[in-house]
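In: for reference, the sequence and a predicted model appear below.
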Amino acid sequence: MMNDVIIAGGGLAGLFNALQLNRAGLRVTVVEKKSYPFHRVCGEYISKEILPFLNQLGINVFSLGASHIKRLEVTATSGTIFSQKLDLGGFGISRYAFDDYLYKLCQTEGVSFLLDTRVDDIRFTNNGFEVVLPHRILTAPLVIGAFGKRSNLDSKLKRPFFLRHSPYVGIKIHARIDFPDDLIQLNSFKNGYCGVSKVEDGRFCICSLAHRNDLREQGSLEAFQENIINRNPYQKEVFRNAELLMDKPEVINEISFEKKQPVENHILMSGDTAGMIAPLCGNGMTMAIHSAKILSAIIIQYYYPGKPFTAPARAALEQTYRQAWNQQFARRLWVGRQLQHLFGNNRLMHTAIQMMNKMPPMANWMVKQTHGKPLA
Ligand SMILES: Cc1cc2nc3c(=O)[nH]c(=O)nc-3n(C[C@H](O)[C@H](O)[C@H](O)COP(=O)(O)OP(=O)(O)OC[C@H]3O[C@@H](n4cnc5c(N)ncnc54)[C@H](O)[C@@H]3O)c2cc1C
């Protein structure tokens with residue numbers, strides 16, 4: 001089959017691009033190295049700014065059992081706590097359920113999928129792409145890079161961030177716990193933090209961002225939980241009666257928040273591939289969906305299936321996307337990077353929480369920086 005667009009990676013960015021471009025009449029193939037459904041390291045809290053857009057697309061996350069999250073608590077190892085009602089709030093849904101639902105929706109509507117298939121390379125040649133798979137090469141005029149925070153393709157493309165090691169490790173598990181349905185709690189510990197909130201089916205997502213050296217020093221995840229994470233009394237309470245619902249936690253390494261480019265070697269990057277926000281300081285999932293909305297609209301504006309796609313049209317598309325991406329996300333990513341420094345420093349967190357309690361307008365401002373405006 002001839003493709004208009006090949007999408008490398010079928011996370012939220014890939015799936016939302018696929019859905020929209022397919023609905024606009026483009027022939028789309030998604031290549032995903034895994035097979036749905038599968039668990040991912042993710043806190044699974046999504047800001048409600050995305051709801052109007054999901055409604056427009058006919059997606060109702062509450063029919064999938066998503067929870068409503070209305071309150072935020074931020075805690076430190078000292079036991080200090082900051083509580084706030086969230087203006088806009090969010091919802092909780094597992095990536096296991098959400099991505100699988102989106103995959104099935106895309107597939108029903110005609111998007112082609114190659115699952116359990118890793119893209120080995122993407123080459124730009126003669127104003128078009130060759131997408132190299134293990135046993136074949138696909139071609140298309142357009143390629144979207146939606147391969148997440150870190151992939152073999154970043155190495156192939158020699159993206160500068162890939163060469164610099166990042167100390168951050170992500171750990172996620174689902175459990176049944178005694179915990180409020182409408183709360184997201186961010187519990188800080190040495191060099192990291194853990195987010196706790198409800199997803200569907202009475203499950204809770206417990207997801208930490210930690211420092212590789214602390215994990216190494218402890219020697220095992222169990223020791224790390226006992227000696228580092230549980231130093232935060234709120235987190236200790238979360239784990240006290242937890243009934244774990246996964247055989248083992250999902251773990252990923254080398255999580256980098258460094259700047260990336262939204263277009264590289266003519267590949268249009270979307271979601272974390274274009275830039276990743278420090279999790280729990282922002283909403284990476286919302287940003288992945290939002291970046292797919294922006295990119296799809298620009299592709300539809302510049303690319304007409306069946307008509308020649310000239311080099312000047314490509315240049316204009318790329319420039320428009322670069323500008324739109326920077327305008328929409330550059331500041332949020334910057335704020336995320338600043339907040340990331342705060343979390344994980346026990347003493348700084350204690351002071352910051354005290355200040356947030358004393359100065360509600362400042363606290364409001366900070367929380368607002370991590371949530372965007374409703375997206376229609
Ligand atoms: C610890 C942690 C907690 C987080 N918590 C939250 C949260 O609570 N709320 C929130 O909004 N965001 C959170 N995020 C961020 C959020 O998970 C990401 O921003 C979001 O998943 C980005 O979606 P994406 O589609 O860009 O990438 P992904 O969802 O990572 O999808 C990328 C896909 O590409 C595939 N892939 C990679 N390489 C290849 C290849 N070569 N060939 C084929 N397929 C490939 C992968 O298998 C994957 O399916 C968190 C992130 C971390 C690390």
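Out: Happy to help now that I have it.
In: alpha carbons only for contacts and neighbour counts from here, please
Out: Fine.
In: got the residues of the stretch 151-300 of the chain near the ligand?
Out: By Cα under 6 Å from any ligand atom, the part of the stretch 151-300 of the chain that sits against the ligand consists of 151-153, 170, 207-209, 271-273, 279-280, 283-286, 288.
In: which among these end up buried?
Out: Buried by 16 or more other Cα atoms under 10 Å: 153, 170, 207-209, 271-273, 279-280, 283-286, 288, out of these.
In: could you identify the helix or strand that succeeds the biggest helix by length in the chain?
Out: If you go by DSSP state H, the chain has its longest helix at helix 311-342. Note on helix 311-342: by DSSP states H and E, the next helix or strand toward the C-terminus is helix 346-358.
In: other SSEs contacting that next one?
Out: Here helix 346-358 touches strand 81-92, strand 183-189, helix 360-370, going by 3 or more Cα pairs under 8 Å, 6 or more residues apart in numbering; DSSP states H and E.
In: from the contact counts, what lies against the second one?
Out: Spelled out, it's strand 183-189. Packed next to strand 183-189, using 3+ Cα pairs under 8 Å, 6+ apart, are strand 67-75, strand 192-198, helix 346-358.
In: same check, this time on the longest one
Out: Applying 3+ Cα pairs under 8 Å, 6+ apart, we find strand 81-92 packed against strand 45-47, strand 67-75, helix 346-358.
In: residues of it that come out buried?
Out: The neighbour-count check on strand 81-92 (16+ other Cα under 10 Å) flags 81-84, 86, 88-92 as buried.
In: and for stretch 220-240?
Out: Residues of stretch 220-240 classed as buried by neighbour count (16+ other Cα under 10 Å): 224-225, 228-235, 238-239.
In: same check, this time on stretch 128-138
Out: 128-133.
In: strands of the stretch 101-250 of the chain, residue ranges please.
Out: 112-114, 121-125, 128-132, 137-140, 142-145, 168-176, 183-189, 192-198, 204-211, 243-244, 250-255 (DSSP state E, counting those that start in this stretch).
In: now do the third one, average pLDDT.
Out: Mean per-residue pLDDT for strand 128-132: 98.
In: other SSEs contacting it?
Out: Right, strand 128-132 is packed against strand 121-125, strand 137-140, strand 142-145 by 3+ Cα pairs under 8 Å, 6+ apart.
In: and that strand, which strands flank it?
Out: Strand pairing for strand 128-132, using DSSP bridges, gives strand 121-125 (antiparallel), strand 137-140 (antiparallel).
In: relative to Leu19, which of the ones you listed is closest?
Out: Leu19 lies closest to strand 137-140 among the strands paired with strand 128-132, at 17.5 Å (Cα to Cα).
In: where does the prediction get shaky in the stretch 251-376 of the chain?
Out: Counting by pLDDT under 70, the stretch 251-376 of the chain shows low-confidence ranges at 280-282, 341-344, 346, 366-373, 376.
In: what's the neighbour count on Thr310?
Out: For Thr310, the neighbour count with other Cα atoms under 10 Å is 12.
In: OK, contacts around it?
Out: Residues near Thr310 by Cα atoms under 8 Å, 6 or more residues apart in numbering: Asn127.
In: quick one: Phe16 from the ligand, how far?
Out: Here Phe16 is placed at a distance of 9 Å from the ligand (Cα to the nearest ligand atom, to the nearest Å).
In: and that residue, that one's in a helix?
Out: Yes. In this structure, Phe16 lies within a helix as judged by DSSP: H, G, I helix; E, B strand; the rest coil.
In: isn't it right up against Lys293?
Out: Yes. Here Phe16 lies in contact with Lys293, judged by Cα atoms under 8 Å, at a distance of 7.3 Å.
In: neighbour count winner among the two?
Out: Neighbours of Phe16 and Lys293, each counted by other Cα under 10 Å, are more numerous for Phe16; the result is 25 against 21.
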